[in-house]
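A.B. asks: coords please:
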Amino acid sequence: MAEHEDIVRVLFIEDDPAVAEMYRTKLELDGYAVQSAPDGETALRLAANSPPDIVFLDIGLPKMDGLAVLERLRADDRTRSLPVVILSNFSEAELVQRGLKLGALDYLIKSHTTPAQVAGNVPNWLNS
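C.D. replies: Prediction:
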């Protein structure tokens, strides 16, 4: 039986099921264990109960936007140091700056980012 500790666990926070499934499929094909959350509240609960190795976070989420989720992750001792990469359709400079200032490792624009690029960069983000 394989060592489960070696599998990188990803939390993918995305309200569009088709987008979430597209990225999940690629990440799983590359050997990552992926949990999806359709909204910020679910994401915070999952992250606190079983902290993942890396989080991909959409900004436009129901109930609580991605920046609020990131603020809450940073405020909780259990999730304060989680690597978070924002993956959003919003490309406004102000949002990008706020996301990075709140501690996101990177801010990716969905229309310019393929699932293969996301999966391929996971090792770099985990080592940064």
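
A.B. asks: use CA for all of it now, contacts and neighbours both
C.D. replies: Noted.

A.B. asks: list the contacts of the spatially most central residue of the chain.
C.D. replies: For the chain, the residue nearest the mean C-alpha position is Phe56 (1.2 Å; C-alpha atoms, centre = their mean). Phe56 sits next to 10-13, 84-87 when contact means C-alpha atoms under 8 Å, 6 or more residues apart in numbering.

A.B. asks: look at it and tell me its secondary structure.
C.D. replies: For Phe56, the assignment made with DSSP: H, G, I helix; E, B strand; the rest coil gives strand.

A.B. asks: got a pLDDT number for it?
C.D. replies: pLDDT for Phe56: 98.

A.B. asks: can you list the weak-confidence ranges in the chain?
C.D. replies: Where the chain drops to pLDDT under 70, the residues are 1-5.

A.B. asks: what are the boundaries of the strands in it?
C.D. replies: 9-13, 33-37, 54-57, 84-88, 106-109 (DSSP state E).

A.B. asks: now tabulate the ones you listed in CSV and tack on distance to Val69.
C.D. replies: Below are the strands of the chain laid out as CSV (distance: least, C-alpha to C-alpha, whole Å):
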stretch, distance to Val69
strand 9-13, 10
strand 33-37, 12
strand 54-57, 8
strand 84-88, 11
strand 106-109, 15
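
A.B. asks: what count of nearby residues applies to Gly40?
C.D. replies: 27 (other C-alpha atoms under 10 Å).

A.B. asks: just the helices in this structure please.
C.D. replies: Applying DSSP state H to the chain gives helices spanning 17-29, 40-49, 66-75, 93-101, 115-126.

A.B. asks: any idea which of those helices is most buried?
C.D. replies: A comparison of those by mean neighbour count, using mean count of other C-alpha atoms under 10 Å, puts helix 66-75 on top with a mean of 19.

A.B. asks: what packs against that one?
C.D. replies: With contacts defined as 3 or more C-alpha pairs under 8 Å, 6 or more residues apart in numbering; DSSP states H and E, helix 66-75 has these neighbours: helix 40-49, helix 93-101.

A.B. asks: any chance of these in CSV, plus distance to Leu126?
C.D. replies: Formatted as CSV, the helices and strands packed on helix 66-75 follow (distance: least, C-alpha to C-alpha, whole Å):
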stretch, distance to Leu126
helix 40-49, 16
helix 93-101, 16
